[in-house]
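K.L.:
Mind looking at a prediction? Sequence and model below.
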Amino acid sequence: MPIQSLLKDKVTLIKKDGTIVREDFPASVQSGRIITTQTDIPIEPGDKIARHLPNGLTEYFVVDDPGYHSGLHGIPASYQMRVHRSDAPPRQPHTVINNVSGNNARVNMNAVDNSQNITHQNSDELFRHLADTLRAAVTNADDRELLLRLVSEMAAGTKDGTYTSKYQRFIASLGAHVAIIAPFLPALTQLLH
């Protein structure tokens, strides 16, 4: 079925200054969209499209986006205009106020959260919490003692300027326990200078 057979409406293009460019050309008027294959017409945002109804009334639409599409494999070029009715009430602006507080607080509205939580906390508290986590999660006593010693060395390294080398030794020693400290990595790497 050729696309022209779907263009059952007759419309008129009126420029912003009121000039009528073309009358009664075929189009398909849909909710929020008007399609026509009359691509030789200069359609621009802000132009109006008028459609005369059988009951004698005339609808006016304002072009938001002309939406020109090139032809492809037997499909003719077309305008697939995004439009709104000229008599439609203006959209009311709305304000959203989100009050967010606390560590790692965030708001996601119709979005996927790919962010990382990085909080600035006292480094002594960070290392104390890391050590508590390792004590609870690492079951091998030798591994646990090594990692706890390295955490103490990292804590001391923040004060004497040797943190980077202590951090590297700690990371290299984690082995199978890296998943345990994964939540701490952003805060630990923040201490690197």
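P.N.:
Right, received. Where do you want to start?
K.L.:
where does the spatially most central residue of the chain fall, helix, sheet strand or coil?
P.N.:
Centroid-nearest residue in the chain: Ala111, 6.3 Å away (criterion: CA atoms, centre = their mean). Classification of Ala111 using DSSP: H, G, I helix; E, B strand; the rest coil returns coil.
K.L.:
which parts of stretch 159-179 are buried?
P.N.:
Tyr163, Lys166, Tyr167, Phe170, Leu174, His177 (16 or more other CB atoms under 10 Å). The C-beta positions use only the backbone N, C-alpha and C, and glycine is treated the same way.
K.L.:
will you turn these into a markdown table that also has secondary structure, distance to Pro66 and pLDDT?
P.N.:
Shown next, in a markdown table, are the buried residues of stretch 159-179 (DSSP: H, G, I helix; E, B strand; the rest coil; distance: CB to CB, whole Å; pLDDT from 0 to 100):
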| residue | secondary structure | distance to Pro66 | pLDDT |
| --- | --- | --- | --- |
| Tyr163 | helix | 59 | 89 |
| Lys166 | helix | 63 | 90 |
| Tyr167 | helix | 57 | 89 |
| Phe170 | helix | 60 | 89 |
| Leu174 | coil | 58 | 84 |
| His177 | helix | 60 | 79 |
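K.L.:
Distance check, the residue nearest to the centre of the chain against Glu23.
P.N.:
Distance check for Ala111 against Glu23: by CB to CB, to the nearest Å, it reads 46 Å.
K.L.:
Make CSV out of the buried residues of stretch 159-179 and add distance to Arg106.
P.N.:
Shown next, in CSV, are the buried residues of stretch 159-179 (distance: CB to CB, whole Å):
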residue, distance to Arg106
Tyr163, 29
Lys166, 32
Tyr167, 27
Phe170, 29
Leu174, 28
His177, 28
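K.L.:
now, which of the residues you listed sits nearest Asp132?
P.N.:
His177 (14.4 Å; CB to CB).
K.L.:
Leu148 is in contact with His177, correct?
P.N.:
No: contact between His177 and Leu148 fails when scored by CB atoms under 8 Å: they sit 11.5 Å apart.
K.L.:
where do the contact lists of the two overlap?
P.N.:
Common contacts of His177 and Leu148 (CB atoms under 8 Å, 6 or more residues apart in numbering): Leu134.
K.L.:
can you pull the pLDDT of the nearest residue to Ser70 once chain neighbours are set aside?
P.N.:
In this structure, Ser70 finds its nearest non-sequential neighbour in Ala77, 5.4 Å apart by CB to CB, 6 or more residues apart in numbering. The model reports Ala77 with a pLDDT of 86.
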